[in-house]
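> test case, fold it:
(one chain, ligands or ions: 1)
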Amino acid sequence: MNVVEIRGLSKRFRVPRAAGGGNVRAVDGLDLAIGRGEIVGLVGESGCGKSTVAQCLLRLLEPDSGSIVLDGLDISHMSGARLRTVRRKMHMVFQDPFSSLNPRMRVRDIVAGPLRSQRSVARDRLRGAVDEVLAQVGLDPRLRDRYPHELSGGQRQRVGLARSLAARPLLLVADEPTSALDVSVQAAILNQVSDLQASLGFSCLFISHDLAVVEYLCDRIAVMYLGQIVETGSRDQIFRAPRHPYTKALLSASLSATPANGFGPGNGFGPGNGAGPGNGAGAGNGAGAGRRRVVLAGELPDPRDPPSGCPFHTRCPIAQFPLCRDQVPDRVVVADGHWAACHFAAES
Ligand code: SF4
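Below you'll find the model as predicted:
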């Protein structure tokens, strides 16, 4: 059984009249499943609706329609004490480690909170349990007495991770958790998340605009465009045989992140390891090797007035008219667990 089953999720936001008015379709009929112990990457450009999906899943936002089932329970419109109980199964790691931590709390109190409230750790065992969790995320337990402002960005993000994992969540939702960090620190944090997932077995929705990060960490990838999933498949299917032109364009723009090229233990992002000139995807290393470069033209269309037919037709390098402008493409299954919403997915 999947830990998460999202079906037909939609969420709109009203835009204030001073900002032009109208409704933004942030998420539009989205389906997504996350298996037990699986890390699913949700990728797409800024503004495509990834964070709205996360907020609906965590029930920080109420969906307009569709269903969200967590561990067999429909939580789409749950409220009150039942929702608070269910929320304990999910934890979030935020993009900005500084603003997500209470500046007036010491590290030990930040981590102790979920240990007390969600794992009922007794007071006399709390210090040992805090130290254990800090060590799990690669932090020196002596940092327990520091305040967030006394830590580096990477240390703060590890504290955020420790706070989430202290509760032993069923599902970790990580929204761009490394994008505010230096590249070498990103690599260390990602390795830590990977190790922790392997030992603790939680499921994870990992949101990123960076395909290199997702390639390193995720089992399965869902590519999002204008509020919809346009392609999904295993990591290998997406990186070795992408079928949607948008996925191909994102891959062209990303760096390779195979263990030997960037995120593997001890490799960082140093020159010659994936980030150096001439080493990006499509130029020689990893999954991008030998792939024809696809340049993504223009900006994301205004989500208040999305294009007709295929929502990608205004930027697609292989769009055919009038077909792509007039007809919404079906999901074309190209392999077991791999589909793409493109009229020509079977041919590419
Ligand atoms: Fe491009 Fe047409 Fe496929 Fe859409 S359906 S991705 S516009 S080729």
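> could you use CA atoms for every contact and neighbour count after this?
Noted.
> show me what the strand or helix carrying Asn191 packs onto, helices and strands only.
Using DSSP states H and E, Asn191 maps to helix 183-200. In terms of contact count using 3 or more C-alpha pairs under 8 Å, 6 or more residues apart in numbering; DSSP states H and E, helix 183-200 is assigned the packing partners helix 153-166, helix 211-217.
> in it, what's buried?
Within helix 183-200, the residues that qualify as buried by neighbour count (16 or more other C-alpha atoms under 10 Å) are Val183, Ser184, Val185, Gln186, Ala187, Ala188, Ile189, Leu190, Asn191, Gln192, Val193, Gln197.
> so which of those reach the ligand?
Near the ligand, taking C-alpha under 6 Å from any ligand atom as the test, no member of those is found.
> would JSON lines of those residues with pLDDT be doable?
Compiled in JSON lines, the buried residues of helix 183-200 are given as follows (pLDDT from 0 to 100):
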{"residue": "Val183", "pLDDT": "81"}
{"residue": "Ser184", "pLDDT": "80"}
{"residue": "Val185", "pLDDT": "83"}
{"residue": "Gln186", "pLDDT": "84"}
{"residue": "Ala187", "pLDDT": "85"}
{"residue": "Ala188", "pLDDT": "85"}
{"residue": "Ile189", "pLDDT": "85"}
{"residue": "Leu190", "pLDDT": "89"}
{"residue": "Asn191", "pLDDT": "89"}
{"residue": "Gln192", "pLDDT": "86"}
{"residue": "Val193", "pLDDT": "90"}
{"residue": "Gln197", "pLDDT": "93"}
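> enumerate the residues of this structure near the ligand.
On the criterion C-alpha under 6 Å from any ligand atom, the ligand has as its neighbours in the chain the residues 244-245, 310, 312-313, 316, 318-320, 324, 329, 342-344.
> now those as TSV including secondary structure?
Compiled in TSV, the residues of the chain next to the ligand are given as follows (DSSP: H, G, I helix; E, B strand; the rest coil):
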residue	secondary structure
His244	coil
Pro245	helix
Cys310	coil
Phe312	coil
His313	coil
Cys316	coil
Ile318	coil
Ala319	coil
Gln320	coil
Cys324	helix
Pro329	coil
Cys342	coil
His343	coil
Phe344	coil
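> which of the residues you listed tops the neighbour count?
Of all the residues of the chain next to the ligand, Pro245 has the most neighbours under the rule other C-alpha atoms under 10 Å, reaching 27 neighbours.
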